[in-house]
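> Build me a structure from this.
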Amino acid sequence: MNFLLPLFCIALGGYLIGSFPTGYLAGCCCGMDVRLHGSGNVGATNVLRLLGKKWGYSVFLIDFLKGWLPVFLALLWSDAVHMTPPSAPGAIAALASLLGHSFPIWLHFKGGKGISTSAGIIVGMFPGSFLFCVGSWILVFFSTRYVSIASIVASIMLPLTVLLFYFLSHGSHPLPHALTPDWLSILVSLMMCTLVLWRHRENIKRLLAHTEPRFVRKP
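Numbers count the residues shown, from 1 in each chain. This is a model prediction of the structure:
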């Protein structure tokens, strides 16, 4: 069976789903271009700061689904056609949706930093790593009140935990299939971490200069 066309469709569909400009549209509903206020980012954090909990949490949920849905559908198709390696469609969908969120064609390729969408991808593709990433994000955020530091630590935690599960799965007590990553999953986790860190490069500069603002949300 020729998988090139289906894989191309998965990549294109993942990108288009990921590029849905949730934060920008939320701002438009409130008569505001969020790109011109706060951090200028269209992600959930800036929307939460500017527009409050209702809009911020809604943007987070939709951006989360932008990552989870393409991966879920791609892996479902992979199981149906017995794709080898089985993680390949999910890997393509994951990277495509994250690139779509970060570089949406509708906003001149200036999108969010990928944390909400990455969370959805992790649930869909790396369920074993999810609690580690979320736990580290919560711990760092409530200790420092810096969203950027929490996001950076959580992104680094992803490939570390995927590697941990990989080595554990090859030990004397194999893990359940859903928690067993392959080499492609490791590569995807490293690429996701790299992209998130690169998208936070300005935050890292401000952190080093001690000018990064702590999180204060609108009531």
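> any idea which element the residue nearest in space to the middle of the chain lies in?
The chain has Ser118 as the residue nearest its centroid, 1.2 Å off, counting by Cα atoms, centre = their mean. Assigned by DSSP states H and E, Ser118 belongs to helix 115-125.
> ditto for Arg49
Assessed by DSSP H and E, Arg49 sits inside helix 44-51.
> what about the chain, any weak spots by pLDDT?
Residue ranges of the chain with pLDDT under 70: 1, 171-179, 217-219.
> residue boundaries of the strands in it?
If you assign secondary structure with DSSP state E, the chain ends up with no strands.
> All the helices of it, in order from the start?
For the chain, applying DSSP state H gives helices covering 4-18, 22-29, 44-51, 53-81, 88-102, 115-125, 127-144, 147-169, 183-199, 201-208.
> can you tell me which of these comes nearest to His37?
helix 44-51 (5.5 Å; Cβ to Cβ). Bear in mind the C-beta positions are built from the backbone N, C-alpha and C, glycine included.
> which residues touch that closest one?
Helix 44-51 has contacts (Cβ atoms under 8 Å, 6 or more residues apart in numbering) with 23, 26-27, 30, 32, 34, 37-40, 55-57, 59-60, 63, 112, 115-116, 147, 215-218.
> And the contacts of the helix holding Ser118?
With Cβ under 8 Å, 6+ apart as the contact definition, helix 115-125 has outside contacts at 18, 43-45, 59-60, 63-69, 71-72, 75, 87, 90-91, 94, 97-98, 101, 129-130, 133-134, 151, 154-155, 158, 185, 188, 192, 196.
> Among those residues, the buried ones, what's the ChimeraX command?
Of the contacts of helix 115-125, the buried ones go into a single ChimeraX selection, burial set by 16 or more other Cβ atoms under 10 Å:
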select :18,43,44,45,59,60,63,64,65,66,67,68,69,71,72,75,87,90,91,94,97,98,101,129,130,133,151,154,155,158,185,188,192,196
